[in-house]
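**Student:** Need coordinates for the below:
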Amino acid sequence: MATNKELEAKVAELEAQLRAKEAEMAEKTQPAVPQVSILDVTGRREIVPYQGTEKAKLRLFKDNGKYKDPLYVAVNGRNWIIKRGVDVEVPVYVKEFIEQQLTEEQIIWDKVAKEEEEYEKATAAVDAAATA
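**Tutor:** Below you'll find the model as predicted:
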């Protein structure tokens with residue numbers, strides 16, 4: 001049977017091995033590039049590389065109707081209020097986020113327009129059948 005000193009030595013050896021394995025696993029799980037998480041309008045979360053402090057120029061469309069107010073953007077706990085109709089500099093990842101949202105919004109409006117067109121055709125066909 002093992003003595004207390006032998007058991008203590010074995011425990012110390014196993015703890016050292018455990019610390020070495022934990023350090024090795026921590027190195028493997030660290031991303032090479034810092035990442036940010038973006039939540040899109042559909043509720044889908046996407047992990048993208050963090051762009052650092054690089055800036056990009058952006059000009060948002062402005063009119064006197066729906067698109068006259070500044071755009072509020074929040075990404076990962078940071079907030080921006082972006083003025084429309086003028087060139088502004090924002091972090092690259094904010095510009096990419098806005099462009100992604102605009103693309104998704106355009107896809108939705110294209111689907112709405114298609115559904116409206118199909119509805120109008122179906123309504124016209126029903127009206128034509130009713131009058132014939």
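
**Student:** quick one: secondary structure of Thr53?
**Tutor:** Look at Thr53: counting by DSSP: H, G, I helix; E, B strand; the rest coil, its state is coil.

**Student:** for it, what are its contacts?
**Tutor:** Contact analysis of Thr53 by C-beta atoms under 8 Å, 6 or more residues apart in numbering lists Pro91. For every residue, glycine as well, the C-beta is placed using N, CA and C.

**Student:** Next: Ala74.
**Tutor:** Trp80.

**Student:** Return the distance of it relative to Lys57.
**Tutor:** 21 Å (C-beta to C-beta, to the nearest Å).

**Student:** Ok, Glu6 next?
**Tutor:** The gap separating Glu6 from Lys57 is 69 Å, by C-beta to C-beta.

**Student:** How about Glu116?
**Tutor:** For Glu116, the distance to Lys57 equals 36 Å [C-beta to C-beta].

**Student:** Over to Val86?
**Tutor:** From Val86 to Lys57 the distance is 10 Å (C-beta to C-beta).
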